[in-house]
Every structure is written in structure tokens, then in C-alpha cells.
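Novice: model this:
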Amino acid sequence: MIQMGRNIDTIHRQTVTDQVYDIIVRKIANGIWKKGEKIPSEIELARDLGVSRVTLKMALQKLNTLGIIETRVGEGSFVCDFSFHSFLSELLRSNLLTDDQNEIEQFRVLIEYCVLRLVTLTPPPPEKLETLEEALDQMEQAIDQDDKEAFHMAHYHFHFAVCKLSGNKLFIQLYEALKEVLFDVYKANSETTWHIYGKEETISHHQKLLDGIRECDTEKLSRLQDELLRDEFLQSR
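Specialist: Numbering: from 1, shown residues only. Prediction:
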């Protein structure tokens, strides 16, 4: 009897439904069926792929669930503008992924750490820093006017602008998907900082971030993120 070694991977058999799903996803990813366009009817797809309508419906249901296509009664199926937002944000809000706020905080700090590393690989041109400077100005004005909602919105936009500077589409989509969760995190953090250190500390911290990005000073930025991560770790103990 042949003994299988532990380093041998298990062979996973792919169902016909999974194969149909993969074919449709590849056509969408390759731009054959573009966002907003209607894909062929179920009758056409089943005939062209040589599968039953039941098998095709199961593949389409999976695509619908993931938000890759949208099936409209009486109209057919259309390619969606895919976003993580439709399920990732809701999973976090419903505590299905975690109900630990410290874990969410740590996750947020580490996302920012990775984004900042990408941003500082090459010096950002001055015109790309204008969005950050404008967001910081709006934060200062909101504090002067005691407009908390305007501050919290500008605060989120500051960090989202940093993310966009990275040029990494996955991080950008992640930020967009977690917009509501991150907005609440930034809001809670700011109000805690105001209560303990005063409102100017918030501006000072973000000015240091901006300066570190402008100077491509990875050590300064790492220290700033390490301080945040250390605070979150101590709170979680």
C-alpha cells in the first residue's frame, strides 16, 4: 500500500459549475463583457458552453452573490462595477469577522503602514500632495469653527488621499469598501485624542505624516505608525 507523504497536496476536483463560473469571470476580466453590458442569455450561454440550464444558473447565482453580475427579472444579467464594499463592510459592521474594536484598530494601522511604505518608494510630485495639504487645511478650519462633522469628513479624506498616492488598486478598493468602518474609527480616535491631549495634537500628528511623505522619510513614518500600534496593543491587553 502506497503511503502519501505529508508534503503532497490534496487534489481538488473542480465541478462543472465552477468551470462555468471561471469561464464567465475570465471573459469579464479580459473585457470581452464590459461593466454595464448585458451578457448573453441563459439559453445562449448554456448552448455555447455545452452545459445544462441548472448548472448555468448555479454559476450565475455565485456571480450574483459576489456582486460580479446583477440578474434583473425579465431583462437578463449585467456586468457590475465590482467592489469589496457590498460585503466586506457589512461583514465588519455585523461583527461576523470580529467584534473586537482593538483588532479593527490594529488592522487599520497596519493598512496605513503598508500604504505609507508604498507612497515613499518614490518622491510624490508636489501637485499630488496638494490634496493632502487641502484636507489638512480643512481639518484646521473645522477645528477653528468647532465643526466636528466637517473635521471628521476631512480627516477621512486625508487618509484616503494618502492611500490613492500609493497607486495600488487593491488598497484603494479596500479603503473604499471600508469607508464607513474607517470613518467611525477615525472619528472615535480623534475625539479621544481631543479629550486627552487637545485638538491641536490631531493636527500636529497629521502635519508630521504630511512632512514624512513629502520628505520620503520612512523612519519618521514608521515611528508614527509604531506609536499608534503600540497604543492599540496596550489597550488590548
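Novice: Which parts of the chain are strands?
Specialist: 69-72, 76-79 (DSSP state E).
Novice: what's the most buried one of those?
Specialist: Mean neighbours per residue, mean count of other C-beta atoms under 10 Å, is largest over these for strand 76-79, with a mean of 18. Just so you know, the C-beta spots here come from the backbone N, C-alpha and C atoms, and that holds for glycine as well.
Novice: contacting residues around that strand?
Specialist: For strand 76-79, the external contacting residues (C-beta atoms under 8 Å, 6 or more residues apart in numbering) are 28, 33-39, 41, 60, 63-64, 68-72.
Novice: Tell me the buried residues within the residues you listed.
Specialist: Buried members of those, scored by 16 or more other C-beta atoms under 10 Å, are 28, 33, 39, 60, 63, 68, 69.
Novice: Out of the residues you listed, the closest to residue 14 would be?
Specialist: residue 63 (16.1 Å; C-beta to C-beta).
Novice: who's in contact with the closest residue to the closest one other than its chain neighbours?
Specialist: Distances taken as C-beta to C-beta, 6 or more residues apart in numbering put residue 69 closest to residue 63, at 4.5 Å, once the chain neighbours are dropped. Residues in contact with residue 69 (C-beta under 8 Å, 6+ apart) are 24, 28, 39, 60, 63, 77, 78, 79, 80.
Novice: got those residues as TSV, with pLDDT columns?
Specialist: Shown next, in TSV, are the contacts of residue 69 (pLDDT from 0 to 100):
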residue	pLDDT
24	93
28	90
39	94
60	94
63	91
77	93
78	94
79	93
80	87
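Novice: how about low-confidence regions in this structure?
Specialist: 1-13, 83-99, 231-237 (pLDDT under 70).
Novice: just to revisit the earlier point, now the buried ones among the contacts of strand 76-79 in TSV, with distance to residue 50?
Specialist: Formatted as TSV, the buried ones among the contacts of strand 76-79 follow (distance: C-beta to C-beta, whole Å):
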residue	distance to residue 50
28	20
33	19
39	17
60	16
63	19
68	22
69	20
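Novice: quick one: which of those is nearest residue 210?
Specialist: Out of those, the member with the shortest distance to residue 210 (by C-beta to C-beta) is residue 68, at 37.7 Å.
Novice: hang on, the earlier thing: want to throw the strands of the chain into JSON lines with distance to residue 100?
Specialist: Formatted as JSON lines, the strands of the chain follow (distance: least, C-beta to C-beta, whole Å):
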{"stretch": "strand 69-72", "distance to residue 100": "34"}
{"stretch": "strand 76-79", "distance to residue 100": "37"}
